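**Q** Following is a predicted model, sequence given first.
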Amino acid sequence: MSRVGPAVSERDRLRQAVSAQPQDFIAWVMLADAELDHGDAEAGLRAAQRALNLRPRHPEALARLGRSHWLSGQHVQAAQALSEAAAQAPQHPGIALWLGHALEDAGEAEAAAQAYEHAYRLMPGEPMFAAHLLNWRRKLCDWRDLDTLSAQVRRAVREGHGVVEPFAFLSEDASANEQLACARQRAQAIAAVIRPLPLAPRAAEDAPLRLGFLSNGFGAHPTGLLTVAFFEAVQVQEAVSAHLFALTPDDGGPIRQRLTAATQLHDVAGQSHARIAQAIRDQRIDVLYDLRGWGGGGTPEVLAMRPAPVQVNWLAYPGTSGAPWIDYVLADRFALPDTLVPSYSETVAYLPGAFQPSDTRRSIDTPPSREACGLPATGVVFACFNNSYKLNPRSVSRMLDVLANVDGSVLWLLSGPGRADERLRAAAQARGIDPARLVFMRKLPHAEYVARYRHVDLFLDTHPYNAHTTASDALWAGCAVLTCPGMTFAARVAGSLNHHLGLGDMNVPDDATFVATAIRLGRDADARAALRTRLQTAITHAPLFDMPRFAEGFAGIARRMADRHRKGLPPAPLD
């Protein structure tokens with residue numbers, strides 16, 4: 001088992017306290033918190049239930065019951081318990097915040113927004129509450145007070161006055177240095193209570209290479225979709241084995257089946273942080289890749305325990321971890337140019353080509369008719385199937401400028417949560433554009449969604465958070481992506497894909513050029529056809545979609561990382 005610092009000592013103390021005084025309500029509540037903080041949903045649930053037995057319907061105990069349900073993925077039950085707790089304690093900002101989380105995951109989008117707003121109104125000076133409200137308003141395309149909330153959150157990050165979730169912070173128009181500050185503050189809060197596992201013996205220099213990958217996305221998820229063909233290519237690499245540590249259960253889908261066939265997959269879903277870390281250590285992993293980072297559903301606490309001697313930030317979180325337990329970030333020179341390196345806590349290791357793999361076994365089916373998709377029978381189709389939180393006022397304004405200048409065109413978007421679609425149509429109407437020219441697609445199984453790119457003439461990217469997996473989908477389906485690369489990793493991913501396809505002219509320098517280029521292509525059918533032909537040729541010949549080549553370069557960099565550790569050397573830049 002792992003040796004952990006003050007948090008585990010406190011948990012042990014609380015366990016002793018409730019054993020000695022089983023009628024101590026406060027001790028049971030505090031123990032529930034401690035168990036949940038260590039990722040043990042079952043133990044947290046037991047403690048919360050004991051507290052409720054002592055004081056039925058007490059809001060503090062109900063809140064821990066809700067958190068326990070939330071951690072175990074029972075979001076409806078979590079929302080019910082936390083709703084009851086909030087009704088009992090309407091002035092408790094922490095309960096309101098957790099209610100927002102539960103309602104969000106239970107699919108109650110607008111109610112979640114109300115809970116986050118209530119928490120913020122109770123504590124308007126708390127940056128964490130402002131950040132949650134800001135993030136959820138972005139998801140709902142509710143742009144009220146957006147600039148004010150963003151300024152408050154960015155100021156708190158710069159001044160070190162609040163712990164803000166780094167993943168949500170990527171949507172702010174912040175610098176790479178601000179992103180580093182945000183990530184570091186979050187990492188410091190974890191490092192303060194987690195102690196690493198004891199050091200493991202170094203592997204022999206000629207030992208086979210054992211690679212580990214930790215994620216909640218090994219299934220029908222962007223991470224699984226991007227990596228499955230890569231893992232299939234890795235399995236033929238000599239003296240290399242891939243071990244996946246899956247934080248979510250088997251979804252029974254084809255991606256999970258392919259991943260299981262291509263790797264050694266370890267199901268660690270629902271386990272405590274310490275047990276997951278020990279499972280990784282037991283497999284004697286040489287290099288461990290964090291495929292979630294600061295995104296939701298990840299377990300940074302596991303990485304903080306140092307289960308592997310070399311740990312790498314790759315793919316899922318497009319920014320610096322800011323974490324002392326992450327040694328390298330795996331990137332490419334377009335997505336992470338030299339100018340960004342000082343803003344990264346990790347040592348940079350560059351892959352030979354693009355940093356992002358792709359599933360090259362995907363077939364593109366024939367989609368339903370345009371009419372069946374809700375599209376007009378004729379006219380140019382612009383699209384952006386990015387998540388709604390990326391559709392900020394700047395990005396949407398660019399898209400509406402394009403619509404206004406290409407007669408008969410429509411903008412095809414992914415339907416967002418709550419009333420997000422309604423708000424976007426209202427924004428179009430405010431610009432004098434018929435709201436019916438915004439067409440929304442509900443979330444579909446991946447194959448059905450990708451097929452719909454056959455109807456799209458041009459993908460219009462967002463800023464400052466680009467299309468990532470979505471850009472890969474569009475390009476693979478033969479739909480060109482127009483983007484305006486920015487000054488952070490998250491703002492350069494679509495540009496990286498274009499660059500490595502040889503379509504650098506689709507990376508434009510500013511909004512004016514973005515709009516002008518989209519209008520020019522929208523008005524010129526021959527230019528669109530020529531662009532599509534160039535893209536089809538690039539898909540066949542460019543290295544971006546060559547997964548055996550990608551796997552070979554990946555394994556080469558991994559060997560160099562492991563070799564340095566086996567020789568007792570610290571991390572060093574790799575190219």
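**A** Good, I have the coordinates. Numbers count the residues shown, from 1 in each chain.
**Q** the helices in the stretch 51-200 of the chain, which residues?
**A** Assigned by DSSP state H, counting those that start in this stretch, the helices in the stretch 51-200 of the chain fall at 59-71, 75-88, 93-105, 109-122, 127-139, 146-159, 166-169, 176-191.
**Q** Which strands or helices does the fourth one pack on?
**A** Read it as helix 109-122. When contacts are defined as 3 or more Cβ pairs under 8 Å, 6 or more residues apart in numbering; DSSP states H and E, helix 109-122 sits against helix 93-105, helix 127-139. (Each C-beta comes from the backbone N, C-alpha and C, glycine too.)
**Q** Give me the contact list for it.
**A** Helix 109-122 has contacts (Cβ atoms under 8 Å, 6 or more residues apart in numbering) with 86, 91-94, 96-97, 99-101, 103-104, 126, 129-130, 132-133, 136-137, 139-140, 142, 417-420.
**Q** coming back round to it: closest one to Ala246 among the helices and strands packed on helix 109-122?
**A** helix 93-105 (19.2 Å; Cβ to Cβ).
**Q** so can I have CSV of the helices of the stretch 51-200 of the chain showing mean neighbour count, distance to Met441 and mean pLDDT?
**A** Shown next, in CSV, are the helices of the stretch 51-200 of the chain (neighbours: other Cβ atoms under 10 Å; distance: least, Cβ to Cβ, whole Å; pLDDT from 0 to 100):
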stretch, mean neighbour count, distance to Met441, mean pLDDT
helix 59-71, 24, 29, 96
helix 75-88, 21, 24, 97
helix 93-105, 23, 22, 96
helix 109-122, 20, 17, 97
helix 127-139, 24, 17, 96
helix 146-159, 18, 25, 96
helix 166-169, 24, 24, 95
helix 176-191, 21, 31, 96
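**Q** out of those, nearest to Leu458?
**A** helix 127-139 (24.2 Å).
**Q** Export the closest one to CSV, keeping only CA atoms.
**A** The C-alpha trace of helix 127-139 is given here as CSV (Å, rounded to 0.1, in the frame of the first residue of the first chain):
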residue,chain,number,x,y,z
PRO,A,127,-12.7,32.4,-7.4
MET,A,128,-13.5,28.7,-7.5
PHE,A,129,-17.2,29.5,-7.4
ALA,A,130,-16.8,32.2,-10.1
ALA,A,131,-14.9,29.7,-12.2
HIS,A,132,-17.6,27.0,-12.0
LEU,A,133,-20.3,29.5,-12.9
LEU,A,134,-18.2,30.9,-15.8
ASN,A,135,-17.5,27.4,-17.1
TRP,A,136,-21.1,26.3,-17.0
ARG,A,137,-22.3,29.5,-18.6
ARG,A,138,-19.9,28.8,-21.5
LYS,A,139,-21.4,25.4,-21.9
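**Q** quick check: angle from that helix to helix 146-159?
**A** 140 degrees (axes from the mean of the first three to the mean of the last three Cα atoms, to 10 degrees).
**Q** where are the low-confidence patches of this protein?
**A** Low-confidence segments of the chain (pLDDT under 70): 1-9.
**Q** Surely Gly224 is in contact with Leu259?
**A** Yes: because the distance of 6.4 Å satisfies Cβ atoms under 8 Å, Gly224 is recorded as touching Leu259.
**Q** Now the common contact residues for these two.
**A** Jointly contacting Gly224 and Leu259 under the rule Cβ under 8 Å, 6+ apart are Phe218.
**Q** Have a look at these two and say which one is more surrounded.
**A** A direct count of neighbours by other Cβ atoms under 10 Å for Gly224 and Leu259 places Gly224 higher, at 27 against 23.
**Q** Could you measure from that one over to Phe213?
**A** 11 Å (Cβ to Cβ, to the nearest Å).
**Q** right, so of the helices and strands packed on helix 109-122, which gets closest to Arg431?
**A** Closest among these, once you apply Cβ to Cβ, is helix 127-139, at 19.6 Å.
**Q** And for the closest one, what's in contact with it?
**A** With contacts defined as Cβ under 8 Å, 6+ apart, helix 127-139 is touched by 93, 97, 100, 104, 109, 112-113, 116-117, 119-120, 122-124, 143-146, 149-150, 152-153, 156-157, 161-165, 168-169, 171, 387-389, 392, 416-417, 420.
**Q** Quick one: residues contacting the residue positioned nearest the centre of the chain.
**A** With distances taken as Cα atoms, centre = their mean, the residue of the chain nearest its centroid is Gly295 (4.0 Å). Neighbouring residues of Gly295 by Cβ under 8 Å, 6+ apart: Phe167, Ala316, Tyr317.
**Q** Please enumerate the helices of the stretch 451-575 of the chain.
**A** For the stretch 451-575 of the chain, the helices defined by DSSP H, counting those that start in this stretch occupy 469-476, 493-501, 511-523, 525-541, 547-566.
**Q** Check these for me and report the most buried one.
**A** helix 493-501 (a mean of 26; mean count of other Cβ atoms under 10 Å).
**Q** could you give the angle of that helix to helix 469-476?
**A** Helix 493-501 and helix 469-476 meet at an angle of 30 degrees, taking the same axes, to 10 degrees as the criterion.
**Q** Just checking the distance from helix 493-501 to the centre of its chain.
**A** Between the centre of helix 493-501 and the centre of its chain there are 19 Å (Cα atoms, centre = their mean, to the nearest Å).
**Q** what about dumping the CA coordinates of that helix to PDB?
**A** Output of helix 493-501 as PDB, limited to C-alpha atoms (Å, rounded to 0.1, in the frame of the first residue of the first chain):
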ATOM      1  CA  VAL A 493      -4.000  21.600 -32.200                       C
ATOM      2  CA  ALA A 494      -6.100  22.000 -35.400                       C
ATOM      3  CA  GLY A 495      -3.300  24.000 -36.800                       C
ATOM      4  CA  SER A 496      -0.900  21.100 -36.000                       C
ATOM      5  CA  LEU A 497      -3.100  18.700 -37.900                       C
ATOM      6  CA  ASN A 498      -3.300  21.000 -41.000                       C
ATOM      7  CA  HIS A 499       0.500  21.600 -40.800                       C
ATOM      8  CA  HIS A 500       1.300  17.800 -40.800                       C
ATOM      9  CA  LEU A 501      -1.100  17.200 -43.700                       C
END
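**Q** helices or strands next to that helix in the packing?
**A** Using 3+ Cβ pairs under 8 Å, 6+ apart, the elements in contact with helix 493-501 are helix 469-476, strand 481-482, helix 525-541.
**Q** is it possible to export these to CSV including distance to Val450?
**A** Below are those laid out as CSV (distance: least, Cβ to Cβ, whole Å):
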stretch, distance to Val450
helix 469-476, 5
strand 481-482, 14
helix 525-541, 13
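**Q** Quick one: closest of these to Gly408.
**A** When the helices and strands packed on helix 493-501 are compared by Cβ to Cβ, helix 525-541 sits nearest Gly408, at 12.1 Å.
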